[in-house]
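**Student:** This is the structure alone, sequence omitted:
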Ligand code: SER
């Protein structure tokens with residue numbers, strides 16, 4: 001029997017593409033999308049959709065019962081930049097939604113849980129280059145604190161109650177469909193949109209800020225590969241380090257400029273610079289590569305080609 005899947009936060013940047021992919025694999029009727037509102041109408045109209053506030057335990061529980069859900073992907077979260085503006089809201093949403101899902105899973109009807117963590121669990125005292133799986137984690141953002149604490153709780157629920165919970169420390173994710181919301185790595189998405197729309201971009205990070213990043217197709221593949229892996233192969237229940245590429249604003253600018261020679265970029269670092277400076281510049285994900293055979297496919301230039309082609313079509317209807 002195929003899994004019956006609930007995606008919480010399905011209208012977000014990653015949630016929306018994950019929903020589409022999981023519907024392709026498992027059948028539309030087996031993947032229930034949910035979000036706090038109906039902002040992505042294509043998802044609402046293309047399969048089962050429920051309005052669910054991730055902070056509402058009973059709403060999640062009732063939905064799971066109604067659809068016989070056995071697998072939950074909890075994609076709702078406030079990200080790093082928004083979290084600094086609304087610290088208590090970030091704590092409230094990011095932690096309570098996780099507890100709701102873990103407590104439901106502890107009851108036994110939910111067989112598998114996916115919960116994303118982030119490079120934001122690391123902080124200024126973490127080794128910056130090729131950051132290891134097991135290392136110092138002293139995050140300085142509210143978002144990072146929620147992800148670090150969440151990781152501890154995931155491992156606790158696995159060890160104490162046998163909850164089959166799995167997670168990835170996503171780097172910055174780049175995609176051309178839904179926009180990211182409120183992250184420090186969002187510049188690497190905005191830059192492509194502005195390059196196509198206006199031919200210029202003002203970057204909120206300085207030109208040599210090197211951060212770990214990944215194209216959306218790789219992030220979706222990683223998520224699904226991890227969830228498909230045999231439970232006994234997994235040695236990490238907090239969250240796996242995950243990597244593909246690292247680049248600076250200057251390097252992504254050059255990659256775009258190779259296709260759009262008139263593209264110009266200026267730099268105006270804001271409060272997000274301090275967040276970026278506290279994060280690693282590259283990640284050692286050898287444990288993920290060993291345990292469940294993780295491999296990325298897109299480098300910077302391959303991603304740039306796909307992004308520019310898709311956005312040319314979107315904004316100028318050019319093939
Ligand atoms: N993309 C996230 C952020 O910038 C990091 O996980 O907040």
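**Tutor:** Looks like it came in fine. It should be emphasised that the depicted structure is a prediction, and the values quoted were computed from it without experimental measurement.

**Student:** How many residues are close by the residue in the chain positioned nearest to the ligand?
**Tutor:** Closest residue of the chain to the ligand, C-beta to the nearest ligand atom: residue 183 (2.8 Å). Quick note: C-beta positions are derived from backbone N, CA and C, even for glycine. Neighbour count of residue 183, defined by other C-beta atoms under 10 Å: 25.

**Student:** where does it land in three-state SS?
**Tutor:** Three-state assignment for residue 183 (DSSP: H, G, I helix; E, B strand; the rest coil): coil.

**Student:** show me the contacts for it.
**Tutor:** 79-81, 172 (C-beta atoms under 8 Å, 6 or more residues apart in numbering).

**Student:** try it again with 10 Å
**Tutor:** 13, 77-83, 118, 120, 143, 170, 172-173, 189, 272, 275 (C-beta atoms under 10 Å, 6 or more residues apart in numbering).

**Student:** Tell me the residues of the chain that contact the ligand?
**Tutor:** Counting by C-beta under 6 Å from any ligand atom, the chain comes close to the ligand at 79-80, 118-120, 143, 170, 172, 183-185.

**Student:** Quick one: the residues you listed as TSV, columns for pLDDT and secondary structure too.
**Tutor:** Below are those laid out as TSV (pLDDT from 0 to 100; DSSP: H, G, I helix; E, B strand; the rest coil):
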residue	pLDDT	secondary structure
79	97	coil
80	96	helix
118	98	strand
119	98	helix
120	98	helix
143	98	helix
170	98	strand
172	98	strand
183	96	coil
184	97	coil
185	97	coil
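
**Student:** need the residues you listed in a markdown table with distance to residue 8, can you?
**Tutor:** As requested, the residues of the chain next to the ligand are exported to a markdown table (distance: C-beta to C-beta, whole Å):
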| residue | distance to residue 8 |
| --- | --- |
| 79 | 16 |
| 80 | 20 |
| 118 | 17 |
| 119 | 22 |
| 120 | 20 |
| 143 | 17 |
| 170 | 16 |
| 172 | 22 |
| 183 | 18 |
| 184 | 23 |
| 185 | 22 |
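
**Student:** Can you say which of those residues are buried?
**Tutor:** Neighbour-count burial (16 or more other C-beta atoms under 10 Å) applied to those gives 79-80, 118-120, 143, 170, 172, 183-185.

**Student:** Closest one of those to residue 135?
**Tutor:** residue 119 (11.7 Å; C-beta to C-beta).

**Student:** any idea how far that closest one is from residue 282?
**Tutor:** 10 Å (C-beta to C-beta, to the nearest Å).

**Student:** Between those two, which contacts overlap?
**Tutor:** With C-beta under 10 Å, 6+ apart as the test, residue 119 and residue 282 both reach 131, 171, 211-212, 243.

**Student:** Of those, which belong to strands?
**Tutor:** 211-212 (DSSP state E).

**Student:** May I ask which of the shared contacts of residue 119 and residue 282 has the most neighbours?
**Tutor:** Of the shared contacts of residue 119 and residue 282, with other C-beta under 10 Å as the count, residue 171 tops at 28 neighbours.

**Student:** check contacts around residue 260.
**Tutor:** Counted by C-beta under 10 Å, 6+ apart, residue 260 has contacts 195-196, 199, 304, 308, 312.

**Student:** Output the residues you listed in CSV; the columns should cover pLDDT, neighbour count and secondary structure.
**Tutor:** CSV is the format used below for the contacts of residue 260 (pLDDT from 0 to 100; neighbours: other C-beta atoms under 10 Å; DSSP: H, G, I helix; E, B strand; the rest coil):
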residue, pLDDT, neighbour count, secondary structure
195, 98, 25, helix
196, 97, 23, helix
199, 98, 11, coil
304, 98, 24, helix
308, 98, 19, helix
312, 96, 15, helix
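
**Student:** ok, which stretches of the stretch 1-150 of the chain are helices?
**Tutor:** 13-26, 41-45, 57-67, 80-85, 87-106, 142-161 (DSSP state H, counting those that start in this stretch).

**Student:** Return the member of the ones you listed having the minimum mean pLDDT.
**Tutor:** Mean pLDDT is lowest for helix 41-45 among the helices of the stretch 1-150 of the chain, at a mean of 79.

**Student:** residues of the lowest-mean-pLDDT helix or strand in the chain that come out buried?
**Tutor:** Here the helix or strand of the chain ranked lowest by mean pLDDT, DSSP states H and E is helix 41-45, holding a mean of 79. Burial within helix 41-45, assessed by neighbour count using 16+ other C-beta under 10 Å, is assigned to 43-44.

**Student:** Over to stretch 166-183?
**Tutor:** 166-176, 178, 180, 182-183.

**Student:** try stretch 53-66
**Tutor:** 53-55, 57, 59-61, 63-64.

**Student:** out of the residues you listed, who's nearest residue 97?
**Tutor:** Out of these, the member with the shortest distance to residue 97 (by C-beta to C-beta) is residue 54, at 3.7 Å.
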